[in-house]
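Chemist: return atomic coordinates for the entry below.
(2 chains)
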There are 2 protein chains.
Amino acid sequence: MAKKTVRIGIVAASSPFERETADRVTALAAAHFPGNPPELVVHPNSFLRHGHFAGSDADRAAAFLAIANDPGFDALWFARGGYGACRIAGDVLARLEAPARAKTYLGYSDAGMLLAGLYTAGCAVAHGPMCQDIVREGGDAAIERALRWLVAQDADTLEPSLGDGRPAAAFNMITLSQILGTSLQPDLRNHVLMLEEVSEYMYKIDRTMHHVTANAGIRGVAGIRLGRCSDIIENDIDFGMTADEIVRDWCARSGIPFLGAADIGHDAANRIVPFGPP
Amino acid sequence: MAKKTVRIGIVAASSPFERETADRVTALAAAHFPGNPPELVVHPNSFLRHGHFAGSDADRAAAFLAIANDPGFDALWFARGGYGACRIAGDVLARLEAPARAKTYLGYSDAGMLLAGLYTAGCAVAHGPMCQDIVREGGDAAIERALRWLVAQDADTLEPSLGDGRPAAAFNMITLSQILGTSLQPDLRNHVLMLEEVSEYMYKIDRTMHHVTANAGIRGVAGIRLGRCSDIIENDIDFGMTADEIVRDWCARSGIPFLGAADIGHDAANRIVPFGPP
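Modeler: Modelled structure (predicted):
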């Protein structure tokens, strides 16, 4: 009996995506799964441009819902981050239908705003590579990892600290900060919370960690693990603490256990963190 | 009978302050109020340097509490913003004594994190110029305005839309965003909320306004007024909306009345907004 072909819908919910990048991802999928490659379908709205965004809010919401609510797709894979997910979150979360809850969602960075809401809505979501990561140095490995997880849930694609039995979640720090105190904030009690950051000043990482650890809901997590904080913007005065020291400090102040490193980040090595129990 | 001399304690709760700047402010106070100048006392810790900060967290908290809890001071004036207020907020708010509640606090920007907590604690707080504003172009006017308000509560120092009978509050947008969902978030129901921003990307202003207007507590405000958004950082793609358009859009989406402009901002024209009822 022929294996079922896994169908993956790709949506740019934030910044614009390039057809050439999509073609590279599709070619890699065909090469990596000879015989029974997953079928990748990029929603055409993903190539639209509307200022900062991959089409207007209406275009992006329509693309998201067309894939999410279609029972013919097994997964919705975010094409890339950037900015814009929060502008469609209220609209798309209000219009999820039954097929949307029988589907897996994979992305990170700005897509985290939607992952958060989808998790609360009962969907299977995971923090991990997006199509755009193929342009990074060594990016093919990120795409292969994402596809092996989407197609076969390969255990070696997962963040290695997972599997201690506790539920998990992962976010870009500032993305999480920007949903605290809103209906997008998920219930992360007893979760291991993994955080990563990119292209920020160290003082903003400190300010964001104050925000995250001062939230009553976040104080109920099982602990925090720190992913990579890359491309830190140089400040005129050195901040005097590393990201690791900052996170340990705010964990100590807030009584949240610091659990060590997480193998996630804005890079090709970004491992996959499915939300919820293992 | 001689007029009582108003005593103002100056504290750097965030980034380091310079003695030369303090001297300029003191000289201006003497020149502006001949006969009975206010007495300005800069807490010596304000001149300390500890990396990014005006002394360690312990130094800054000690300076703040020395002024706040001293009945001999009528007001605590924040020397400047920058970053660091949230690192001492929990400590100082837990140690306020009775004299701290019989005192006026004036500042903005990063100091907003402390203003927020002080307001909740029942103190008289106001959003307005800080000592460091004297180095801005036309900065003398900002200092004179702050002093006229601290010394004599001159009505013409106030943001002109005040006085419609509704309580008010003012914040830097991102400062407010970074306390949402924490115990520092004040109850702003039925307040006119004035917001300003400086040195940010337009897409971050958009993301922040999503955050602010998505918060249930903020949705209870009487309305939002927009101050100046200055020194916007250029993006590789123009965002396509002005700050005014962004704020109107999020107000419309969230059902918060947009009330027009506010005469506040990171500039010498920054008018004073006392929190609470007029």
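Chemist: up against chain B, what does the stretch 101-250 of chain A have?
Modeler: A:177-185, A:203, A:206-208, A:210-211, A:214-217, A:235, A:237-241 (Cβ under 8 Å from any Cβ of the partner chain). C-beta coordinates here come from the backbone N, C-alpha and C atoms, glycine included.
Chemist: buried subset of those, written for ChimeraX?
Modeler: Filtering these down to the buried ones (16 or more other Cβ atoms under 10 Å in any protein chain shown) takes a single ChimeraX command:
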select /A:177,178,179,180,181,182,184,185,203,206,207,208,210,211,214,215,239,241
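Chemist: restricted to helices, list the residues of the stretch 101-250 of chain A next to chain B.
Modeler: Taking DSSP state H, the ones among these that sit in helices are A:177, A:203, A:206-208, A:210-211, A:214.
Chemist: which single residue of the stretch 101-250 of chain A ends up nearest chain B?
Modeler: The minimum distance from the stretch 101-250 of chain A to chain B, using Cβ to the nearest Cβ, falls at A:Gly181 (2.6 Å).
Chemist: quick one: the strands in the stretch 151-278 of chain A, in order.
Modeler: Listed in chain order, the strands of the stretch 151-278 of chain A (DSSP state E, counting those that start in this stretch) span A:168-172, A:192-198, A:223-230, A:258-261, A:273-274.
Chemist: now those strands in CSV, with distance to B:Gly9 and mean pLDDT?
Modeler: Shown next, in CSV, are the strands of the stretch 151-278 of chain A (distance: least, Cβ to Cβ, whole Å; pLDDT from 0 to 100):
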stretch, distance to B:Gly9, mean pLDDT
strand A:168-172, 40, 98
strand A:192-198, 37, 96
strand A:223-230, 37, 96
strand A:258-261, 37, 98
strand A:273-274, 49, 98
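Chemist: ranking these by burial, who's on top?
Modeler: Ranked by mean neighbour count, the strands of the stretch 151-278 of chain A are led by strand A:168-172 with a mean of 27 (mean count of other Cβ atoms under 10 Å in any protein chain shown).
Chemist: who does the residue nearest to A:Ala252 when sequence neighbours are not counted bridge with?
Modeler: Once flanking residues are discounted, A:Ala252 sits nearest to A:Phe258: 7.4 Å by Cβ to Cβ, 6 or more residues apart in numbering or on different chains. When bridges are called by DSSP bridges, A:Phe258 pairs up with A:Ile224.
Chemist: list the contacts for A:Phe258?
Modeler: Counting by Cβ atoms under 8 Å, 6 or more residues apart in numbering or on different chains, A:Phe258 makes contact with A:223-224, A:226, A:247-248, A:251-252.
Chemist: quick check: the farthest pair among the residues you listed?
Modeler: Spanning the widest gap among the contacts of A:Phe258 are A:Leu226 and A:Ala252, at 13.4 Å by Cβ to Cβ.
Chemist: what pairs with the helix or strand containing A:Ile8, parallel or antiparallel?
Modeler: Using DSSP states H and E, A:Ile8 falls within strand A:7-11. Strand A:7-11 has these partner strands in its sheet, going by DSSP bridges: strand A:39-42 (parallel), strand A:75-78 (parallel).
Chemist: which parts of the first one are buried?
Modeler: When neighbours are counted by 16+ other Cβ under 10 Å, the buried residues of strand A:39-42 are found to be A:40-42.
Chemist: not counting its neighbours along the chain, what's nearest A:Gly112?
Modeler: A:Gly112 sits nearest to A:Thr175 (Cβ to Cβ, 6+ apart), 4.1 Å away.
Chemist: confirm for me that that neighbour is in contact with A:Leu114.
Modeler: No - counting by Cβ atoms under 8 Å, A:Thr175 does not reach A:Leu114; the two are 10.1 Å apart.
Chemist: so what's the most centrally placed residue in chain A up against?
Modeler: By Cα atoms, centre = their mean, the mean C-alpha position of chain A lies nearest to A:Tyr108, the distance being 1.8 Å. By Cβ under 8 Å, 6+ apart, the contact set of A:Tyr108 is A:78, A:81, A:115, A:127-130, A:170-172, A:196, A:264, A:266, A:270.
Chemist: put the buried members of the residues you listed into a ChimeraX selection.
Modeler: Buried residues among these (16+ other Cβ under 10 Å), as a ChimeraX selection:
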select /A:78,81,115,127,128,129,130,170,171,172,196,264,266,270
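Chemist: which one of the contacts of A:Tyr108 is nearest to B:Pro99?
Modeler: Nearest member of these to B:Pro99, counting by Cβ to Cβ, is A:Phe171, at 42.2 Å.
Chemist: what residues are bridge-paired with A:Ile272?
Modeler: Note on A:Ile272: beta-bridge partners by DSSP bridges are A:Leu158.
Chemist: pLDDT at it, what is it?
Modeler: With respect to pLDDT, A:Ile272 has a value of 98.
Chemist: do A:Met1 as well
Modeler: As predicted, A:Met1 sits at a pLDDT of 47.
Chemist: distance of A:Gly55 relative to B:Val25?
Modeler: For A:Gly55, the distance to B:Val25 (Cβ to Cβ, to the nearest Å) stands at 52 Å.
Chemist: go on, A:Arg7?
Modeler: Between A:Arg7 and B:Val25 the distance is 67 Å, computed by Cβ to Cβ.
Chemist: the two: which is more packed in?
Modeler: B:Val25 (26 against 15; other Cβ atoms under 10 Å in any protein chain shown).
Chemist: next up, the contacts around the more buried one.
Modeler: Taking Cβ under 8 Å, 6+ apart as the contact definition, B:Val25 lies against B:10, B:40, B:131, B:134, B:143.
Chemist: columns pLDDT on top of those, output as JSON lines?
Modeler: Below are the contacts of B:Val25 laid out as JSON lines (pLDDT from 0 to 100):
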{"residue": "B:Ile10", "pLDDT": "98"}
{"residue": "B:Leu40", "pLDDT": "97"}
{"residue": "B:Cys131", "pLDDT": "98"}
{"residue": "B:Ile134", "pLDDT": "98"}
{"residue": "B:Ile143", "pLDDT": "98"}
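Chemist: out of those, grab the one that's most surrounded.
Modeler: Neighbour-wise, those (other Cβ under 10 Å) top out at B:Cys131, 31 neighbours.
Chemist: tell me if I'm right that it and B:Ala79 touch.
Modeler: Yes - using Cβ under 8 Å, B:Cys131 is in contact with B:Ala79, at 4.7 Å.
Chemist: between the two, what contacts are shared?
Modeler: B:10, B:17, B:22.
Chemist: which among these gets closest to chain A?
Modeler: Closest approach between the shared contacts of B:Cys131 and B:Ala79 and chain A, by Cβ to the nearest Cβ: B:Phe17, at 13.6 Å.
Chemist: that closest one against B:Asn45, yeah?
Modeler: No - using Cβ under 8 Å, B:Phe17 is not in contact with B:Asn45, being 9.6 Å away.
Chemist: quick one, phi psi at A:Gln153?
Modeler: Main-chain dihedrals, A:Gln153, degrees, to the nearest 10: phi 50, psi 40.
Chemist: how is chain A divided into domains?
Modeler: Recorded structural domains for chain A (assignment: automatic domain parsing) are A:7-157, A:160-274.
Chemist: what's the span of the longest one, first residue to last?
Modeler: According to Cα to Cα, to the nearest Å, domain A:7-157 extends 19 Å from its N-terminal end residue to its C-terminal end residue.
Chemist: was I right to think A:His32 contacts A:Glu144?
Modeler: Yes - with contact defined as Cβ under 8 Å, A:His32 reaches A:Glu144; the gap is 5.5 Å.
Chemist: between those two, which is the more surrounded one?
Modeler: Applying other Cβ under 10 Å to A:His32 and A:Glu144 shows that A:Glu144 carries more neighbours, namely 19 against 15.
Chemist: next, the contact list for whatever residue of the stretch 1-150 of chain A ends up closest to chain B, please.
Modeler: Nearest residue of the stretch 1-150 of chain A to chain B (Cβ to the nearest Cβ) works out as A:Gly51 at 3.4 Å. Counting by Cβ under 8 Å, 6+ apart, A:Gly51 touches B:237-241.
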